[in-house]
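In: Have a look at this prediction, sequence included:
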Amino acid sequence: MAELKLADYKTTVHNDWCPGCGDFGILSAIQMALSEMQIPRHKAVIFSGIGCSGKTPHFINVYGIHTLHGRVLPFAQGAKIANPDLEIIAVGGDGDGLGIGAGHFVGAGRKNVDIPYLIFNNEVYGLTKGQASPTLRLGEKTKSLVTPNTNNSVNPIALAFVSGFTFIARSYSYDVKHLKDTIKRAITHKGLAFVDVLQPCPTYDDIHTREWFQGKNKPDSEKAVPRIYKIEEAGYDGVIREESEVNGKMSKILEFSSEWGDKIPIGIFYQNELIPSYHERIAENIKDYFARPPSHQEISDIENKPAARIDKILDKLQIN
Amino acid sequence: MSFLANANSISWLIGGPQGSGVDSAANIFAKTCAKEGFHIFGKREFYSNIKGEHSYFTIRISEKPVSSQLEEINMLVSFDAETVFRHADKVSPSGVIIYDSSLAETVLDEVPSIDFQANKRIGKLLEDSGQPLNLSGMLELAKARGCIVYGLPYYEMIEAVAKKMNDPKLSKLSRVVNVMAISASISLLGIKKDMLISAIQEVFGSKPKLVTSNIEAAEYAYSYIGTKFDTKNIKNKITPKDVLKDYVLISGSQAAAIGKILGGCRFQTYYPITPASDESEFLESNQIIDQVDGKNGSVVVVQTEDEIAAITMAIGASLTGVRTATATSGPGFSLMAEALGWAGMNEVPLVVTMYQRAGPSTGLPTRHEQSDLLFAINAGHGDFPKIVLASGDIEEAFYDSIKVFNFAEIYQLPVIHLLDKAISSSIQTCKRFSNDLKIERGKFKSVIDKNQSEGTAGHFQRFKLEDSPISMRVPIGTENAIFWNTGDEHTEEGHISEDPENRNKMMDKRMKKLDLALEKIAENDKAICYDFESDSKNVVISWGSTKGAILEALEKLSEEGSKLRFIQVRLLHPFPTETVKKFLTDAKLVIDVEMNYSSQLGSLVQQNTGKEIDYKIVKYNGRPMSTTEIYIALKSILSGNNERRIVLDGGT
């Protein structure tokens, strides 16, 4: 089979994101990851929610399912459970996944279906003109807010951990290489993987801008020191190799998750493949699930007669 | 008033606190009678409660097929005081009451689970007839009407069985009291003991210890009746009929689940809700599927975090090509409305099995109603196609469960299969279901030739605009067939488009599927006309689970010389206007019968056919319509009653 090039994963659909939008970096990183992993185009499906991030699938030349606001995870899980052979990637915004879809975020953690989930985290509802999203901190006032934010923010990393995600990472949309590598790790992870992608919104988030992340606007220093640092470079390894390591890692993950301001950690906080995936849990009861998942089953013969037999069930209910 | 009570039909009721074995006792009784050769229709009533509140099961046994319950009871079986307080006044004049003799002096006010309203009602009944406010008072009232009462000293009976079995624990558990009660009733009915024993063996089959103790208890109670009472004057003794060959005793939720298995449903999602969960649980307990080719199939049943996840997960699964369903009830269905529109917009086949219960809001969560018809038809914002089909009984629930998947795939849209609590938790003797059915998947391929893929850059036109409004469908993951889906208006490939011309074409394409469905769906799936071999111009129209009660009432009226026609509307959306019009052309009197407040089908009929509804018979107290009350209401209309809307209030 001919090698798939990066260009093969791009569509010609007009991209209407604002100039300078962090989404571009995320889009590139997904396309690069798919290309480097040589995932056949028809095997990959990008599921998205609603918002600017929701448009992502239309720009990627693989199957693309642009779903409802907040519901990307259940849509994507349904497809992956029905056909575990598909390489499914779920993407969405922070309002999508942590506001309206927060229940599904927690629900998905409990299931551990084998999909990566990327949240494009820019602290605002961009497409509806910049309202505060669930990740905007209390008291912060971005451009289009009338008054400073009256809600406190949710901590996505901590929430993912307590919900049961088995892979938790963070990356940054302007560090495309780091993001691409993180996405690749998330795709290869066996289980539900969460990637929190920090991403400036050049139009509505005038606080956490690209310059802010670069440390350019720190008042107290002449030289810009980037706020973002890589935890692996600082010697951290998030991979769990034995169950006994989980408790020790937990406090570290929570510590990382609340670091913000001058020092913002990115990298893989946690990866635990000791926890069985939802698919493995199904296979406990349905032994040939992986060989014959729901989507692969023949339900009728060539004469359109049902493949199933219900005699044994009816025998139990038969009167005599 | 005695209704339909002939020598070979009995209306029987057992009651007791929830969790005390009322259901299993009723099941044993039903099986026993069915084995004896009787047709069965059983209806289960229970509170939204785990333990302690009053639940009861009515069972009709008859030499002919039966599919509804009566208002009156011929035999009341109890082992607690509440059952007698609540139901004794419904026992027919020649009827029988079995009760616990040690409870005779129980005072009405001392039964805490009898709520204030019921207490007041029962208290008034006793006071008005000068009886003391206790169980004896209730029994005296019944006796005065000609009922025969049998007091059983259950405690002593259990002690005796425990002694015989040399098992002192048995008397403490008193678990067998339910079986003793039904055994006594079976003895009084003159049904052979062997049938009871084999029914007990079947019900408790997996627990040998329970089988032994229950059989001992049953045998003791059975002969206790024979030795202690003179049963010759019981008018309710019934004659065994021929064996029911190739019949099953089955509930509506079981029938629907088995239909799904045969119909190829291999993925079902649900969030726990009464009365829909029973189906998913039955499906899960039969998740490994036997196949004709000797291999095993399987159905993956997923419990989700809420109903929004249930429907969206089902849609996601459906995109992979698997036949997919979700099952829910009113509150859950309300949450599913938005996603239903997404499935309509993206032409995704999906079955929503909707078990209606009494609304609005939490309503009467364990009780019956048919009040979600207009909601089912109109659920979701914007115009999009969907099909709504309502089954009329347990057998229809089975066959329709296969049809709805065919509709979903042929027309590529969501199908709402309307059932309700009266169907799901009732049991009936049905002719064993046939395997001989067709699975029709419509325009569906899982292999696309590279040269055949169309559109720009070799993309597949999932929403291709052509003569037929239905395009070729392929599962996601198919080679050479990449496409997109979006809830936005979209192009043939599935990319967002706000172009006005494209919008019109796509709306037309989707909505035209409804015309096609009306053209292609079989007449019997649209509406059925039962004419009782007459050309009567008096017409009863209804839908769903009222079918059985209506048919039986009309049969009775027909025997009495009042012929009426019955139209059962099955396809509710798109509305089969022409079919219904045809049945209504020469109608003089149109009577709409429905289990809801606002006569929802009535409005649909009026709106679509222009035919006025002359009389409305409605009910919304949460208890299914009995044949008795429909019969009485129709009789009063036929005899010139001018009341245009009759509200039925039967049931306990």
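Out: That came in fine, so what should we check first? Residues are numbered from 1 along each chain as shown, chains lettered A, B, ... in the order given.
In: Would you report the backbone torsion angles of B:Gln428?
Out: Reported as degrees, to the nearest 10, the phi and psi values for B:Gln428 are phi -150, psi 150.
In: can I assume it is in contact with B:Phe398?
Out: No: look at B:Gln428 against B:Phe398 with C-beta atoms under 8 Å: they stay out of range, at 11.0 Å. Glycine gets a C-beta too; all of them are placed from N, C-alpha and C.
In: Let me see the confidence value for residue 280.
Out: I went with chain A, as the question did not name one. The score at A:Glu280 is 98. That number is its pLDDT.
In: try chain B instead
Out: Here, the pLDDT recorded for B:Ser280 equals 98.
In: Tell me, how many residues neighbour residue 79?
Out: Just so you know, I chose chain A. By the criterion of other C-beta atoms under 10 Å in any protein chain shown, A:Ala79 has 31 neighbours.
In: Chain B, not that one
Out: Applying other C-beta under 10 Å, we find 28 other residues in the vicinity of B:Phe79.
In: do A:Phe24 as well
Out: 18.
In: Give the bridge partners for the spatially most central residue of chain A, please.
Out: Nearest residue to the geometric centre of chain A (C-alpha atoms, centre = their mean): A:Tyr117, 1.6 Å. As for beta bridges, A:Tyr117 partners with A:Ala90, A:Phe194 under DSSP bridges.
In: could you point out which element follows the strand or helix carrying B:Asp525?
Out: B:Asp525 is part of helix B:523-526 when elements are defined by DSSP states H and E. Downstream of helix B:523-526, the next assigned helix or strand under DSSP H and E is strand B:527-530.
In: as a whole number, average confidence for that next one?
Out: Mean pLDDT, strand B:527-530: 97.
In: I'd like to know which elements the very next helix or strand once past that strand is packed against.
Out: Following strand B:527-530 in sequence order, the next helix or strand is strand B:538-542 (DSSP H and E). Here strand B:538-542 touches helix B:547-559, strand B:565-569, helix B:577-584, strand B:589-594, helix B:600-609, going by 3 or more C-beta pairs under 8 Å, 6 or more residues apart in numbering or on different chains; DSSP states H and E.
In: what do you get if the cut-off is 10 Å, keeping everything else the same?
Out: Judged by 3 or more C-beta pairs under 10 Å, 6 or more residues apart in numbering or on different chains; DSSP states H and E, the packing partners of strand B:538-542 are strand B:527-530, helix B:547-559, strand B:565-569, helix B:577-584, strand B:589-594, helix B:600-609, strand B:615-619, helix B:627-638.
In: outside of the first one, which residues touch it?
Out: Looking back up the chat, that one is strand B:527-530. Residues outside strand B:527-530 that contact it (C-beta atoms under 10 Å, 6 or more residues apart in numbering or on different chains): B:392, B:396, B:523, B:539-541, B:543, B:547, B:550-551, B:554-555, B:564-572, B:575-576, B:578-580, B:582-584.
In: can you give me the offset of that strand from its chain's centre?
Out: Here strand B:527-530 shows a centroid-to-chain-centroid distance of 20 Å under the convention C-alpha atoms, centre = their mean, to the nearest Å.
In: ok, A:Glu87 - contacts?
Out: If you count contacts by C-beta under 10 Å, 6+ apart, then A:Glu87 has A:34, A:37, A:39-40, A:43-46, A:62-63, A:80, A:114-116, A:187, B:477 around it.
In: For ChimeraX, write a command that selects the buried ones of these.
Out: A single ChimeraX command is used to select the members of the contacts of A:Glu87 judged buried by 16 or more other C-beta atoms under 10 Å in any protein chain shown:
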select /A:34,39,43,44,45,46,62,63,80,114,115,116,187 /B:477
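In: so which of the contacts of A:Glu87 comes closest to A:Arg137?
Out: Each of the contacts of A:Glu87 was checked against A:Arg137 using C-beta to C-beta; the closest is A:Pro116, at 26.4 Å.
In: my guess is the closest one meets A:His189, correct?
Out: Yes: the pair A:Pro116 / A:His189 is scored as a contact, 7.0 Å apart, by C-beta atoms under 10 Å.
In: Which pLDDT value does the model give residue 97?
Out: Answering for chain A, as no chain was given. Among the per-residue scores, A:Gly97 shows a pLDDT of 98.
In: looking at chain B here, not the other one
Out: Note for B:Ile97: predicted pLDDT of 97.
In: got it, and B:Asn451?
Out: For B:Asn451, pLDDT reads 68.
In: Equivalent analysis for B:Arg623, please.
Out: 97.
In: The helix or strand A:Phe75 falls within - what's its average pLDDT?
Out: In this assignment (DSSP H and E), A:Phe75 forms part of helix A:72-82. Mean pLDDT, helix A:72-82: 98.
In: hmm, that helix in reach of chain B?
Out: Yes: Helix A:72-82 is in contact with chain B by C-beta under 10 Å from any C-beta of the partner chain, via A:Val72, A:Leu73, A:Pro74, A:Phe75, A:Ala76, A:Gln77, A:Gly78, A:Ala79, A:Lys80, A:Ile81, A:Ala82.
In: looking at it, the first one is touching A:Pro116, isn't it?
Out: In other words, A:Val72. No: taking contacts as C-beta under 10 Å, A:Val72 lies outside contact range of A:Pro116: 11.9 Å.
In: Now the common contact residues for those two.
Out: Common contacts of A:Val72 and A:Pro116, defined by C-beta under 10 Å, 6+ apart, comprise A:Ala90, A:Val91.
In: thinking again about what came up before, what's the closest of the helices and strands packed on strand B:538-542 to B:Ser213?
Out: Across the helices and strands packed on strand B:538-542, B:Ser213 has its closest neighbour in helix B:547-559 (36.6 Å, C-beta to C-beta).
In: packing partners for the closest one?
Out: Counting contacts by 3+ C-beta pairs under 10 Å, 6+ apart, helix B:547-559 packs against strand B:39-45, helix B:421-424, strand B:527-530, strand B:538-542, strand B:565-569, strand B:589-594, helix B:627-638.
In: Packed most tightly, which of these would that be?
Out: Ranked by mean neighbour count, the helices and strands packed on helix B:547-559 are led by helix B:421-424 with a mean of 30 (mean count of other C-beta atoms under 10 Å in any protein chain shown).
In: how about it as CSV, C-alpha atoms only?
Out: The C-alpha coordinates for helix B:421-424 follow below in CSV (Å, rounded to 0.1, in the frame of the first residue of the first chain):
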residue,chain,number,x,y,z
LYS,B,421,-46.8,-0.2,30.8
ALA,B,422,-50.0,-2.1,30.2
ILE,B,423,-48.2,-4.1,27.4
SER,B,424,-44.8,-4.4,29.0
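In: Which residues of the stretch 151-300 of chain A lie near chain B?
Out: Within the stretch 151-300 of chain A, the positions near chain B by C-beta under 10 Å from any C-beta are A:278-279, A:282, A:285-289, A:292-300.
In: Just give me the residue closest to the centre of chain B.
Out: The centre of chain B sits closest to B:Ile423, judged by C-alpha atoms, centre = their mean, with a distance of 0.8 Å.
In: Make sure B:Thr269 is indeed in a helix.
Out: No: using DSSP: H, G, I helix; E, B strand; the rest coil, the assignment for B:Thr269 is strand, not a helix.
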